[in-house]
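S.K.: Predicted model, plus sequence, below.
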Amino acid sequence: MSSKSAGNPLPQTWRYNRSILSLLFLVVARFSAVTSVIRGSESGNAHPKRYDPSPSANLVDVLPPRRRLKGSGAKDHTRILRNRKTRRGKEVDGSEDVIWGLPDENITPEFSYPPCDRSLSAKSRVLIDAAISSAVVDPSTLDDPSSPQARAAAWLVENYVALDPCANGPSTAKAAQRFVLATLYFSTGGDVFWRDTLGWLGTGDECLWGGVECGDAGIVVKLDMDENSLTGPLPEELSRLTSLEVIALDSNSLSGSIPPIFSELTSLEIIDFDNNYLTGTLPDLIYDLSRLEVLDLNHNSLTGTVSDALADLADLYFIQLHKNDFSGTVPGRIGELEELETLSFHENGFVGSVPPSVCDLGKLKRLTSDCAGTNPEVECACCTLCY
C-alpha cells in the first residue's frame with residue numbers, strides 16, 4: 001500500500017456502516033433493559049417501593065394509579081396526588097420520584113375527605129352551647145364540675161359525634177333533650193346504681209335509650225323507668241321536656257322534693273312516683289296540669305295539705321296518696337271529679353270526713369281512708385276499705 005493510501009481517511013461506506021452498528025448496539029441495550037424489567041415484574045420486584053411510616057411495617061409494592069385502596073377507612077387518594085403540587089408540605093422537585101395513587105399521611109389534601117370531617121366544627125359547638133343554655137335551669141350549676149348538669153354538659157361536648165355534624169347537626173331541641181336525659185342519668189346515679197342502662201349515654205339516638213319513648217318528631221313523650229334503682233333527687237331540667245306525657249319512676253330510691261318547676265310539663269297525663277323516698281309538699285303549681293289523669297304518689301314521705309284545686313284537674317281518674325304524711329282535711333271539692341275511679345289516702349294524717357259527693361261518683365270503684373275503729377280519724381260512709 002502506498003503512503004498516499006495509508007494517509008487517506010476511512011472510506012465513506014465504512015463510516016456509514018459504523019453508524020449502523022452503533023444504532024444496532026443501542027437497540028440491543030434497550031431491549032436488554034426492558035427484558036430485565038419484565039423478569040423483575042414476574043418475581044414481584046417490578047415497581048419501586050413506598051415507605052410505610054409504621055415502625056413494624058415492611059415495604060409494600062406500589063399500587064397502580066386510580067386503584068381504590070381496600071380496608072377500613074381507605075380513601076381514594078389518587079385525586080389528591082395527581083396535581084403533583086405538594087408532598088409532605090414542600091414543593092415537589094421535578095426530579096423527585098413521587099409515587100402516585102398511594103396514601104401518604106403527611107400530604108395535606110386540597111379538598112375535604114369524603115365522608116365529611118366529623119371534628120367538632122364551630123357550627124356544632126354553637127348548637128351544643130345553645131342547647132345547654134336552653135335546657136339548664138340554674139346556669140351556676142355548670143360551674144361545679146361534679147354537678148349532674150356540668151357532667152352532662154361535658155359528656156355532650158365530648159360525644160358530639162352522636163349529634164352527626166355530617167348531617168348538619170340535629171335540632172337544638174334534640175341536643176337539649178339529650179342534655180336533660182344525661183342530667184337525669186348523673187343525678188340519679190346512672191353510672192353507679194341503675195340496674196339497666198340500656199343504650200344510655202351511647203352514640204345511638206336518645207329515643208332508643210331504655211325507658212325513653214319519643215313521638216314522631218323524635219321528641220321525648222314518655223319516661224318509664226320503674227324498678228331501676230334510680231337514686232337521688234329529680235333534676236329540675238326534666239321540666240324542659242315540655243312534650244312529656246308520662247313520667248313513671250315508681251319503685252326506685254328517689255329522694256328530695258318534687259320540683260315546683262314541673263308545672264311547666266303541661267302535657268303530662270301520668271305522674272307515677274310511688275314507692276320512693278320523696279319529701280316536701282305537693283307543689284301548688286301541680287294543680288295547673290290540666291291534662292293530668294293519673295297522680296300516683298303513695299309510699300313516700302310527702303307532707304302538707306292537699307288543695308281543693310285538685311278538683312280542677314277534670315281528667316283525673318286515678319289518685320293514690322296513701323302511706324305519706326299528708327295532713328288536714330280531705331279536699332271538699334274532690335267529689336267534682338266525675339271520671340274518678342280510684343281514690344286512696346289512708347295511712348296519712350287526714351281528719352274529718354269524706355264529702356258525700358264523693359260517694360255519689362258513678363265511676364268510683366275503690367275508695368280507702370283511715371276510717372277503721374270506733375274513733376276513726378276520717379269518717380267515710382262509702383269507703384271500700386278502711387284502715
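M.R.: Perfect, thanks for sending it.
S.K.: Do me a favour and get the end-to-end distance for stretch 265-275?
M.R.: End-to-end distance for stretch 265-275, by C-alpha to C-alpha, to the nearest Å: 22 Å.
S.K.: residues making contact with it?
M.R.: The contact list for stretch 265-275 (C-beta atoms under 8 Å, 6 or more residues apart in numbering) reads 221, 226, 238-239, 241-252, 254, 258, 262, 286, 288-300, 315, 320. To be clear about C-beta, it is placed using only N, CA and C from the backbone, and glycine gets the same treatment.
S.K.: what comes up buried for it?
M.R.: If you call a residue buried by 16 or more other C-beta atoms under 10 Å, then stretch 265-275 has these buried ones: 265, 267-275.
S.K.: In strands, which of those residues fall?
M.R.: Using DSSP state E, the members of those that fall in strands are 270-272.
S.K.: The contacts of stretch 265-275, buried ones only, as a PyMOL selection?
M.R.: In PyMOL, this line selects whichever of the contacts of stretch 265-275 come out buried by 16+ other C-beta under 10 Å:
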select buried, resi 221+238+239+241+243+244+245+246+247+248+249+250+251+252+254+258+262+286+289+292+293+294+295+296+297+298+299+300+320
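S.K.: Narrow the contacts of stretch 265-275 to those in strands?
M.R.: When the contacts of stretch 265-275 are checked against strands (DSSP E), the matches are 221, 246-248, 254, 294-296, 320.
S.K.: which one among those gets closest to V306?
M.R.: L295 (9.9 Å; C-beta to C-beta).
S.K.: what pLDDT, on average, does the helix or strand containing F186 get?
M.R.: Using DSSP states H and E, F186 maps to helix 172-187. For helix 172-187, the mean per-residue pLDDT is 94.
S.K.: Report all helices and strands that that helix contacts.
M.R.: helix 122-135, helix 148-158, strand 220-224 (3 or more C-beta pairs under 8 Å, 6 or more residues apart in numbering; DSSP states H and E).
S.K.: Kindly recompute the last result at 6 Å.
M.R.: Applying 3 or more C-beta pairs under 6 Å, 6 or more residues apart in numbering; DSSP states H and E, we find helix 172-187 packed against helix 122-135, helix 148-158.
S.K.: how about the ones you listed in a markdown table, adding mean pLDDT, mean neighbour count and distance to V354?
M.R.: Below are those laid out as a markdown table (pLDDT from 0 to 100; neighbours: other C-beta atoms under 10 Å; distance: least, C-beta to C-beta, whole Å):
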| stretch | mean pLDDT | mean neighbour count | distance to V354 |
| --- | --- | --- | --- |
| helix 122-135 | 83 | 17 | 43 |
| helix 148-158 | 94 | 20 | 42 |
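S.K.: quick one: which of these is nearest E336?
M.R.: helix 122-135 (36.9 Å).
S.K.: helices or strands next to that closest one in the packing?
M.R.: Using 3+ C-beta pairs under 6 Å, 6+ apart: helix 122-135 touches helix 148-158, helix 172-187.
S.K.: by contact count, what packs against the shortest one?
M.R.: Translated: helix 148-158. Looks like helix 148-158 contacts helix 122-135, helix 172-187 (3+ C-beta pairs under 6 Å, 6+ apart).
S.K.: Fine by me, thanks again.
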